[in-house]
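*Asks:* quick one, structure for this:
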Amino acid sequence: MNHKVYYGLPREVMFCKKTLMSNQKPNSAVEFTHNKNSKKDTLKFDKKGISESWYYSRLKKKINYNLREKKLLKLLEKHRGKHGQYDCIVPGSGGKDSGYAAHVLKFKYGMNPLLVTWPPILYTTYGYKNFKNWINLGKFKNISAKRDEKTMKILTKLSILNLLHPFQTFILGQKIFAVKMAIKYKIPLVFYGEHEAEHGSLPIADNYESLRKKSFFTFKNLNKLHLGGVPIKKLETDYLLKKKDLEIFLPPSENLLENFPLEVHYLGFYLKWIPQETFYYAVENCGFRPRPFRTQGTYSKYNSIDDKIDDLHYYTTFIKFGVGRTTYDVSQELRNDHLTIEEGKKLIKKYDGEFPDRYFNEIMKYLNINPNYFHKLCNKFRSPHLWKKKKNSWELRHTANKDGADD
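*Replies:* Okay, here's the model as predicted:
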């Protein structure tokens, strides 16, 4: 039977033989063009059933990082002391990756980075403590975005109601706020951490380039932009949001960069980036501490823990794409040879798709969404080719363990 397929996903569901990641996993997209009709580009597999991200993990072992570090040193020398008080910008909110990046740039390579933060929608207590430790222990200067709370709530609510994408407002700021600060303070060098392409979130060819594509943080035509799945003009007319309050959520125009030599780099291109190693480094040098309990939806404690909405975000990827937080974590650890396939399958079976109830009611109250309505909404976003309803419950048709409803 040909079941209806949502979001432009591949009709045939496959799981990478090496990483267990599904071919339904969407690639990173330009958030400010995202609307109800958007089609997803997804993780690519070869005829052997192996994903691009696995092949890159093997190629990564052959990279000459001594040579790449020399390129980094040349880049840093080009910018050191050339832009006033600060040499570069490091975006982050106190996680292990931004902690590692800022500390290494300052204390190993002698740079003076300015930290730029797009704060989480709802900080966790331990996430906020990590943020303060990051700044204070490294004696960094930090600029944090000041958003209009009403606008933030409305946009986050709309991103859930229209896109089932509770993290959109955070991802938007994560990608564009640092660029705006670079332009404002005339600091053209920006460093993010790990390259998205390493996870198969972008074409594998992007791993061979250290620069982030400008399409992720600039726009040409304001009329084509959407926030929360709604055109900008409609946000002003139908939701009475003010242009000055929406401005902080919007990317800079391409015109602003015509005469500004902006370079947005991935530090993970130059340095061997292993999540477990950045975690240990951040614990030792940046005052980073993991969650005091297991993260719901997975087995780990230290990844993406600063926002209460984070857990709900991964639950919605499970609903829309059949890919939960455990699958993301398992895939990463398989690529780094820290798990066996059988261990990964057991973890996915045990934790993937677990509902994150710890902060759920608080989030719904903050956004003024009825919890029961949220669950009904989730069912509307389940693609029929991924999900099968049995009596009063939903089951995935296909799983990495081959125990789905149609396996």
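*Asks:* quick one, helices of the stretch 151-300 of the chain?
*Replies:* Along the stretch 151-300 of the chain, the segments classed as helices by DSSP state H, counting those that start in this stretch run 168-184, 232-237, 243-246, 267-270, 275-286.
*Asks:* same deal with the stretch 301-407 of the chain?
*Replies:* Ranges of helices within the stretch 301-407 of the chain are 310-321, 325-335, 341-351, 360-367, 371-380, based on DSSP H, counting those that start in this stretch.
*Asks:* turn these into CSV, including mean pLDDT and mean neighbour count.
*Replies:* Where you see a C-beta, it was placed from the backbone N, CA and C, and this is true even at glycine. Rendered in CSV, the data for these read as follows (pLDDT from 0 to 100; neighbours: other C-beta atoms under 10 Å):
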stretch, mean pLDDT, mean neighbour count
helix 310-321, 97, 23
helix 325-335, 96, 25
helix 341-351, 98, 16
helix 360-367, 97, 16
helix 371-380, 97, 12
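*Asks:* for Lys301, see how far away the residue nearest the centre of the chain is.
*Replies:* Centroid-nearest residue in the chain: Ile171, 6.4 Å away (criterion: C-alpha atoms, centre = their mean). Noted for Ile171: a distance of 22 Å to Lys301, by C-beta to C-beta, to the nearest Å.
*Asks:* and the helices of the stretch 151-300 of the chain: which comes nearest Met111?
*Replies:* helix 267-270 (11.0 Å; C-beta to C-beta).
*Asks:* can you give me the mean pLDDT across the closest one?
*Replies:* The predicted model gives helix 267-270 an average pLDDT of 93.
*Asks:* grab the nearest non-local neighbour of Gln332.
*Replies:* Counting by C-beta to C-beta, 6 or more residues apart in numbering, Gln332 lies nearest to Pro275, which is 6.2 Å off, once chain neighbours are set aside.
*Asks:* so that neighbour sits against Ser331, correct?
*Replies:* No - Pro275 sits out of contact with Ser331 when judged by C-beta atoms under 8 Å, with a separation of 11.5 Å.
*Asks:* could you export the helices of the stretch 301-407 of the chain as JSON lines, including distance to Ala405?
*Replies:* Output for those, formatted as JSON lines (distance: least, C-beta to C-beta, whole Å):
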{"stretch": "helix 310-321", "distance to Ala405": "15"}
{"stretch": "helix 325-335", "distance to Ala405": "18"}
{"stretch": "helix 341-351", "distance to Ala405": "15"}
{"stretch": "helix 360-367", "distance to Ala405": "26"}
{"stretch": "helix 371-380", "distance to Ala405": "16"}
